[in-house]
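Colleague: Sequence plus the predicted model coming up.
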Amino acid sequence: MKNKIILIIKLLSAAVLSLIWFILVQGEYEMITKPELQNDFPIIKGAAAVYFLGFILLAIGAIVVFLLFSIKRNNSSKV
């Protein structure tokens with residue numbers, strides 16, 4: 001039972017992070033295609049805002065891949 005709860009938590013967190021990743025990709029696309037939006041980022045302005053958002057996207061993507069890999073590894077060890 002505990003393993004199923006952990007599996008559900010991992011899947012839900014991967015789904016939520018994937019949704020956040022998708023929304024941030026859309027925001028980065030808008031910042032690249034409309035350069036005036038780069039100045040709307042409150043702390044970092046200009047091209048650095050795009051690079052910062054890209055780094056955040058890379059980190060979220062790595063977390064999602066790690067979650068999915070750990071789910072696959074745990075399920076294959078039980079078979």
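Modeller: Nice, thanks for sending it over.

Colleague: Show me where this structure dips below the pLDDT cut-off.
Modeller: Scanning the chain for pLDDT under 70 picks out 38, 40-42, 77-79.

Colleague: what sits up against stretch 27-46?
Modeller: Stretch 27-46 has contacts (CB atoms under 8 Å, 6 or more residues apart in numbering) with A47, A49, V50, F52, L53, G54, L57. Any C-beta I mention is one placed from the backbone N, CA and C, and that applies to glycine too.

Colleague: Just the ones of these in strands?
Modeller: Among these, DSSP state E puts none in strands.

Colleague: Give me the subset of the residues you listed lying in helices.
Modeller: Judged by DSSP state H, the subset of those located in helices is A47, A49, V50, F52, L53, G54, L57.

Colleague: Can you tell me which residue is spatially central in this protein?
Modeller: The structure's the chain has its C-alpha centroid closest to I60; by CA atoms, centre = their mean the separation is 3.0 Å.

Colleague: How many residues are close by A15?
Modeller: Number of residues near A15 (other CB atoms under 10 Å) recorded here: 12.

Colleague: ok, now R73?
Modeller: Neighbours of R73 (other CB under 10 Å): 9.

Colleague: That one: which element?
Modeller: Applying DSSP states H and E as the criterion places R73 in helix 47-78.

Colleague: Can you point out the buried residues in that helix?
Modeller: For helix 47-78, a neighbour-count test (16 or more other CB atoms under 10 Å) marks A49, V50, L53, L57, I60, V64, L67 as buried.

Colleague: What is that helix packed up against?
Modeller: helix 2-33 (3 or more CB pairs under 8 Å, 6 or more residues apart in numbering; DSSP states H and E).

Colleague: Tell me what angle the helix it packs on forms with helix 47-78.
Modeller: Per axes from the mean of the first three to the mean of the last three CA atoms, to 10 degrees, the angle that helix 2-33 makes with helix 47-78 is 160 degrees.

Colleague: from the middle of its chain, how far away would helix 2-33 be?
Modeller: Chain-centre distance of helix 2-33: 5 Å, with CA atoms, centre = their mean, to the nearest Å.

Colleague: that older thread, so what's the residue nearest to the residue nearest to the centre of the chain when sequence neighbours are not counted up against?
Modeller: Ranked by CB to CB, 6 or more residues apart in numbering and with sequence neighbours excluded, the top spatial neighbour of I60 is W21, at 4.7 Å. If you count contacts by CB under 8 Å, 6+ apart, W21 has them with L57, I60, G61, V64.
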